[in-house]
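Novice: Sequence plus predicted model, see below.
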Amino acid sequence: MYSNKRFIVSASALVFAIIVMWAGASVYVGKRLESEFQKVVQASVQSHSYRLRNLKHQVGMFASSGQADLALIDECGAIGSAPEYFKARLSYKLSHLILPTSLARIEWSLEPSGEAKADFEKLFNGQARLEGRGKIGITGTLQSDMSLPEIKWGQRGTVVSVSPSAGTITIGKGALDVDWKTAKITGRGHGSAMQLDGLGMQVGLSNVQRGLGSVTLTVDKIATSLGSAEGIQLATEVLEQGDHLNMTMTPSIKSLSGGGKDFKDLMLQIAVNGLHGKSIEYLLNLSQTSCNFHNLTKKEAEQMRDSVRTLLFEGFSAGIQKIGGTVDGDTLDARLMVELVKTTGTEFKLVSVLKSRGQLTLLGKDNQDTQQDHKNSLVSMGVGTKIPGGVKAEYDYDAGLMKLNGAVFDAALLESIMSGVDKAINAFLRGEVATELAPSSPPMEALPEEAQQPEVEA
């Protein structure tokens, strides 16, 4: 009997201790979340695209709530200021009583404020608010759904409507995953119409700061007054391989009809492979802090040139990895790549590092006279050669030697052009030319009316 009482007391004490620890841990989570919110607000001061201000966080034992003001900015939009082109109020409610599947549950909303509020309320029929519910996982990962109401807009005979949209977002340890979709977008007016079904966006970034991962835009179907298309996709991907980065952008269309022609399985894959990773990251960061390289210190200009030098001397390849599809029964397959091989020295010499290869194959049944004429024209001009079922063209350039369909051609003109490019590149690397990569052009003055008339030869 005594032993049973002792067991009950011990078990009760253990349960009480567990409850106290659980409650204490939940309170600690609430305090920790408040600290993390403060860090996010402070970090926004260093951002070139947004600011978070006026955080008001009310913390309770097992629940908290708060709000903050969000402003999107453009630091390059005006001299001496960082204009805010969009403002919104972020509100949230937290339940941070620890559960087996989450540290906390969250309800949040983002609502436009200031001058934009009235415009957005009109656009969203009085409900201009992005909102969602989610949870903070045991590992600290934030997962949430999100939704937007229907959008309707009309002006001067044009009416546009967007069905309610919804998606999910996951944020954690520098990573970001987004899956967003709306069922239908329609636009009608001025004698034309457009309907877009199934617009979606999928984001899978393993490192947001470095841009590693993929972003994909998809459209199930689009119909216009001129034609229709299905299975539209634009996929971009940045992968890290050792110290180098590989980037691809691939637009594709499953089927397209318009102008009396039918296209199937169209695909264009553009790639840049083997870029020196640290140099690219430095240039991207510098582009943001200097307004696209327009406002550079002397040291930054030198470091920029050093990064460009590293990119060129380390080498990379770029071009079209693949063009594919069928047009009215003819199948097209092509590729064109340019490579700069790794080199050393103080002077950049394009002729010694440039390699390029390209190929085009056109296959079909020649069931139309125009298709046969196109193929015959390629052969007669010496651009292509006949193969069973079609035409093939290819070229190869390496170390000053140009081959077209296996025949050697004089590359003197190309080498002369590359020599001029070498001079410009080396002058830039030595700092003998302007360091801005994207200089703004002065406005052109209008010519006198008589000077605008073209000359007519007798």
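Specialist: It's in. Numbering: from 1, shown residues only.
Novice: Thought G157 was touching H190, still the case?
Specialist: Yes - in terms of C-beta atoms under 8 Å, H190 counts as a neighbour of G157; the distance is 5.9 Å. No exception for glycine: its C-beta is placed from N, CA and C like everyone else's.
Novice: G227 reaches K261, doesn't it?
Specialist: No - if you go by C-beta under 8 Å, G227 and K261 don't touch, sitting 9.1 Å apart.
Novice: Who has more neighbours out of those two?
Specialist: Neighbour totals were compared for G227 and K261, and G227 leads with 15 against 10 (other C-beta atoms under 10 Å).
Novice: What are the buried residues along stretch 299-312?
Specialist: If you call a residue buried by 16 or more other C-beta atoms under 10 Å, then stretch 299-312 has these buried ones: 300-301, 303-304, 307-309, 311-312.
Novice: Of the residues you listed, which belong to helices?
Specialist: By the criterion of DSSP state H, membership of the buried residues of stretch 299-312 in helices covers 300-301, 303-304, 307-309, 311-312.
Novice: now these in JSON lines, with pLDDT and distance to Y282?
Specialist: Converted to JSON lines, these look like this (pLDDT from 0 to 100; distance: C-beta to C-beta, whole Å):
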{"residue": "E300", "pLDDT": "93", "distance to Y282": "10"}
{"residue": "A301", "pLDDT": "93", "distance to Y282": "13"}
{"residue": "Q303", "pLDDT": "95", "distance to Y282": "7"}
{"residue": "M304", "pLDDT": "95", "distance to Y282": "8"}
{"residue": "S307", "pLDDT": "96", "distance to Y282": "5"}
{"residue": "V308", "pLDDT": "95", "distance to Y282": "10"}
{"residue": "R309", "pLDDT": "95", "distance to Y282": "12"}
{"residue": "L311", "pLDDT": "95", "distance to Y282": "10"}
{"residue": "L312", "pLDDT": "95", "distance to Y282": "15"}
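Novice: of those, closest to L275?
Specialist: L311 (6.5 Å; C-beta to C-beta).
Novice: L239 pairs with what?
Specialist: Listed by DSSP bridges, the beta-bridge partners for L239 are N246.
Novice: what's downstream of the helix or strand of the chain with the lowest mean pLDDT, the next helix or strand?
Specialist: Taking mean pLDDT, DSSP states H and E as the measure, the chain has helix 369-380 as its least confident helix or strand, at a mean of 57. Elements were assigned by DSSP states H and E; along the chain past helix 369-380, the next helix or strand is strand 385-387.
Novice: so what strands line up beside that following strand?
Specialist: Take DSSP bridges as the rule and strand 385-387 pairs in its sheet with strand 390-398 (antiparallel).
Novice: Quick one: list the elements packing against the helix or strand just after the partner strand.
Specialist: Helices and strands here follow DSSP H and E; after strand 390-398, the next one along the chain is strand 401-404. The contact analysis (3 or more C-beta pairs under 8 Å, 6 or more residues apart in numbering; DSSP states H and E) places strand 401-404 against strand 390-398, strand 407-409.
Novice: tell me which residues in stretch 159-171 are buried?
Specialist: Of the residues in stretch 159-171, those buried by neighbour count under the rule 16+ other C-beta under 10 Å are 160, 162-163, 165, 167, 169-171.
Novice: what would the residues you listed look like in TSV with distance to V203?
Specialist: As requested, those are exported to TSV (distance: C-beta to C-beta, whole Å):
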residue	distance to V203
V160	25
V162	20
S163	21
S165	15
G167	10
I169	9
T170	10
I171	11
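Novice: Can you add secondary structure, pLDDT and distance to D145 and give those residues back as JSON lines?
Specialist: Putting the buried residues of stretch 159-171 into JSON lines (DSSP: H, G, I helix; E, B strand; the rest coil; pLDDT from 0 to 100; distance: C-beta to C-beta, whole Å) gives the following:
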{"residue": "V160", "secondary structure": "strand", "pLDDT": "88", "distance to D145": "25"}
{"residue": "V162", "secondary structure": "strand", "pLDDT": "90", "distance to D145": "18"}
{"residue": "S163", "secondary structure": "coil", "pLDDT": "92", "distance to D145": "17"}
{"residue": "S165", "secondary structure": "strand", "pLDDT": "92", "distance to D145": "11"}
{"residue": "G167", "secondary structure": "strand", "pLDDT": "94", "distance to D145": "7"}
{"residue": "I169", "secondary structure": "strand", "pLDDT": "94", "distance to D145": "8"}
{"residue": "T170", "secondary structure": "strand", "pLDDT": "95", "distance to D145": "10"}
{"residue": "I171", "secondary structure": "strand", "pLDDT": "92", "distance to D145": "13"}
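Novice: and of those, the nearest to S144?
Specialist: Using C-beta to C-beta as the measure, the one of the buried residues of stretch 159-171 that approaches S144 most closely is I169, at 5.5 Å.
Novice: can you pull the contacts of L286?
Specialist: Listed by C-beta atoms under 8 Å, 6 or more residues apart in numbering, the contact set of L286 reads 293, 296, 300, 303-304.
Novice: quick one: which of these is nearest to S352?
Specialist: Of all the contacts of L286, the one with the least separation from S352 (C-beta to C-beta) is M304, at 24.6 Å.
Novice: May I ask you to confirm that that closest one is in contact with L296?
Specialist: Yes - here M304 reaches L296: they are 6.8 Å apart, a contact under C-beta under 8 Å.
Novice: Backbone dihedrals for N426, please?
Specialist: Dihedral angles phi and psi of N426 (degrees, to the nearest 10) take the values phi -70, psi -30.
Novice: you'd agree it is up against E347?
Specialist: Yes - applying C-beta under 8 Å as the test, N426 and E347 come out as touching, 5.6 Å apart.
Novice: Switch the contacts of L286 over to JSON lines; also include distance to S279.
Specialist: Formatted as JSON lines, these follow (distance: C-beta to C-beta, whole Å):
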{"residue": "F293", "distance to S279": "14"}
{"residue": "L296", "distance to S279": "16"}
{"residue": "E300", "distance to S279": "14"}
{"residue": "Q303", "distance to S279": "10"}
{"residue": "M304", "distance to S279": "10"}
